[in-house]
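Undergrad: Provided below for reference: sequence and predicted model.
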Amino acid sequence: MLVKTFGSAVYGIEATTITVEVNIASGTKYSIVGLPDNAVKESYFRIQSSLKNCGYHMPRQQVIVNMAPADIKKEGSSYDLTIATGVLAASNQITPDELDKYLIMGELSLDGGLQPIKGALPIAIQARKEGFKGFILPKQNAREAAIVSDLEVFGVESITEVVGFFNGTVQLKAEIVNTREEFYNSVNNYDSDFSEVRGQENIKRALEIAAAGGHNVILIGPPGAGKTMLARRLPSILPPLSLQESLETTKIHSVAGKLSASDALVTVRPFRSPHHTISDVALVGGGTNPQPGEISLAHNGVLFLDELPEFKRTVLEVMRQPLEERRVTISRARMSVDYPSSFMLIASMNPCPCGYYNHPEKECVCPPGMVQKYLSKISGPLLDRIDLHVEVTPVNFTELSSDRLAEKSEGIRERVIRARDVQIARFGSQQGLHSNAQMSTKMVRDLCKIDTAGQTLLKKAMEKLGLSARAYDRILKVSRTIADLAGSENIEMEHLAEAIHYRSLDRENWAG
């Protein structure tokens, strides 16, 4: 008897429906075809044990399983439940009448229980698109998939529930998630606030500019000056995620298996902080079975690289292209997958190995030339892609012990949102363009015009600091953001001067 069940394969952040055909005929051999990997081939042993332990039996006949389309590689253990359901239906242990209306996925335990799968959200989206009535999957993934409307999502704990459902002896309750309510109830839930930071008003100003224009930032200062504390509070002043951004971000985390059973949506902007020992593949994504890296997990949020010079140079260099294109393409012999990676980069570093170069009180003990050698670990092209270079100085005792309340993140965020609204109105209906940092070179020439006095100031700065053409564009973008925060239609001299000020690492006094 021939039976068809339906599963799904995820490539990048998109899903492709897989048809699992199970045919039982005379003979004794079990065969699985359609480019299965080892995890799929091993499903036979998991299925056999789970069926036996749940009171069902594996047919003692020839069982042929075909996974179509046959030219796409099938990977992972999430097809266990799809194949097992097909085997039970082909051997008349399940009524097959309703099988074609449901997409079925799940990894089987030997006792018939189900383990969670990756990519439930993009699979559910594709299932709805292709007109399936429902999606049966492990209970741990049910909330994640249930944010897709017009699709019945059934979370199950064992294969026994699936058999009972198709045989009409068990009623499954569909998981229901109110997507908009879930989103708006937690969209502003942040654990930290800028009001907790004493002093550092100039650094807060720089981070406000960065948030308003989506600019990349590097913080340079001695140990204990507050670089990490400031960086961790940056997401709290960024504009809240839109529902579309939330869904896109959730898809990436779903594919990577980063969502917990209680999560339905990623409702706050991600903050990713990988350790400096990370590999280039872990940062940008890839591997034998391509997975999203840290830069994609930070999509629509913040990627924080603490102690930037300690990262391997090759790791930092692979970020250059994604920083410009805001997506990363991973190519393999049989396929190519795209992961979005539109993130704000915020990096921190000590000014030298001992950490006290240019410190107002402590003396640097590094030998001559060491400062320049330390800074040279970061390439010029990468520094060019960082818009704001900000010096962080230690906070004195008076500021630390002051009872004066600092401004809350909420107040800063309101100014940032107003500036972003100006930018969105300026860019109009241009697809995927939300902030000044995303402007192309042509747009910079059209939208960041400066007067003669500004041209003279910028010319002197470029000659003195030896800035590249890319750095020239970055200064104009930052000055445009400063003007937007000030509510100014034109870029004035003070806006340009402040933008030039945020190029610390281009100055001669950092040569060591």
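TA: Nice, thanks for sending it over.
Undergrad: can you count the residues close to Arg365?
TA: To be clear, residue 365 is Val; Arg isn't right here. Neighbour count of Val365, defined by other C-beta atoms under 10 Å: 12. No exception for glycine: its C-beta is placed from N, CA and C like everyone else's.
Undergrad: before we move on, what about the one 4 residues further on?
TA: Burial measure for Gly369: 10 neighbouring residues, criterion other C-beta under 10 Å.
Undergrad: Next, it: phi, psi?
TA: Taking degrees, to the nearest 10, you get phi 80, psi -10 for the backbone angles of Gly369.
Undergrad: And for Leu2?
TA: When quoted as degrees, to the nearest 10, the phi and psi of Leu2 stand at phi -100, psi 130.
Undergrad: Can you tell me the SS state at the closest residue to Ser91 other than its chain neighbours?
TA: Leaving out its chain neighbours, the residue that sits closest to Ser91 by C-beta to C-beta, 6 or more residues apart in numbering is Pro59, at 4.5 Å. Under the three-state scheme (DSSP: H, G, I helix; E, B strand; the rest coil), Pro59 adopts coil.
Undergrad: So for this protein, the centremost residue is which one?
TA: Geometric centre of the chain, nearest residue: Leu297, 2.2 Å, by C-alpha atoms, centre = their mean.
Undergrad: For that residue, list the residues it contacts.
TA: Leu297 sits next to Ile252, His253, Ala256, Lys258, Pro270, Arg272 when contact means C-beta atoms under 8 Å, 6 or more residues apart in numbering.
Undergrad: for Arg269, same thing?
TA: By C-beta under 8 Å, 6+ apart, Arg269 lies in contact with Pro235, Leu238, Leu241, Asn300, Gly301, Val302.
Undergrad: Among those, which pair sits farthest apart?
TA: Leu241 and Val302 (12.3 Å; C-beta to C-beta).
Undergrad: Show the subsequent helix or strand relative to the worst-scoring helix or strand of the chain on mean pLDDT.
TA: Lowest mean confidence among the helices and strands of the chain (mean pLDDT, DSSP states H and E): helix 397-400, at a mean of 70. For helix 397-400, the succeeding helix or strand toward the C-terminus, using DSSP states H and E, is helix 409-427.
Undergrad: For that next one, name the packing helices and strands.
TA: helix 201-213, helix 469-485 (3 or more C-beta pairs under 8 Å, 6 or more residues apart in numbering; DSSP states H and E).
Undergrad: any idea how far the nearest residue to Cys54 once chain neighbours are set aside lies from Asp421?
TA: Sequence neighbours aside, Gly112 is the residue nearest to Cys54 in space, at 4.0 Å (criterion: C-beta to C-beta, 6+ apart). Separation of Gly112 from Asp421 (C-beta to C-beta, to the nearest Å) stands at 54 Å.
Undergrad: When those two are compared, which one has more neighbours?
TA: Under the criterion of other C-beta under 10 Å, the comparison of Gly112 against Asp421 puts Gly112 first, with 24 against 12.
Undergrad: ok, which stretches of the stretch 1-150 of the chain are strands?
TA: 2-11, 14-25, 30-33, 62-68, 102-104, 107-108, 114-115, 134-138 (DSSP state E, counting those that start in this stretch).
Undergrad: How is this structure divided into domains?
TA: Using automatic domain parsing, the domains assigned to the chain come out as 2-167, 185-421, 439-512.
Undergrad: Point out where the stretch 101-250 of the chain drops to low pLDDT.
TA: Scanning the stretch 101-250 of the chain for pLDDT under 70 picks out 186-188.
Undergrad: From what I see, the residue nearest to Cys54 and Ser158 are in contact.
TA: Yes: using C-beta atoms under 8 Å, Gly112 is in contact with Ser158, at 4.8 Å.
Undergrad: Need the overlap of contacts for those two.
TA: Contacts common to Gly112 and Ser158, judged by C-beta under 8 Å, 6+ apart, are Cys54.
Undergrad: Spatially nearest residue to Lys52 (excluding sequence neighbours)?
TA: Once flanking residues are discounted, Lys52 sits nearest to Met58: 7.1 Å by C-beta to C-beta, 6+ apart.
Undergrad: What ranges in the stretch 301-450 of the chain fall below the confidence cut-off?
TA: Counting by pLDDT under 70, the stretch 301-450 of the chain shows low-confidence ranges at 333-334, 397, 400-401.
Undergrad: Using CSV, please lay out the contacts of Leu297 together with distance to Cys54.
TA: Listed next are the contacts of Leu297 as CSV, based on distance: C-beta to C-beta, whole Å:
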residue, distance to Cys54
Ile252, 35
His253, 32
Ala256, 31
Lys258, 31
Pro270, 40
Arg272, 41
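Undergrad: Just the buried residues of those residues.
TA: Buried residues within the contacts of Leu297, counting neighbours by 16 or more other C-beta atoms under 10 Å: Ile252, His253, Ala256, Pro270, Arg272.
Undergrad: Name the nearest residue to the last one, ignoring sequence neighbours.
TA: Taking C-beta to C-beta, 6+ apart as the measure, Arg272 lies nearest to Ala298, with 4.2 Å between them; neighbours along the chain are not counted.
Undergrad: what sits against the one you found?
TA: For Ala298, the contact set (C-beta under 8 Å, 6+ apart) comprises Pro270, Phe271, Arg272, Ser341, Phe343.
Undergrad: right, and Pro394 touches Asn358 too?
TA: No: using C-beta under 8 Å, Pro394 is not in contact with Asn358, being 11.3 Å away.
Undergrad: which outside residues touch the helix or strand hosting Thr314?
TA: Counting by DSSP H and E, the element that carries Thr314 is helix 313-317. For helix 313-317, contacts defined as C-beta under 8 Å, 6+ apart pick out Ile278, Ser279, Asp280, Leu283, Leu308, Lys377, Ile378, Ser379, Leu382.
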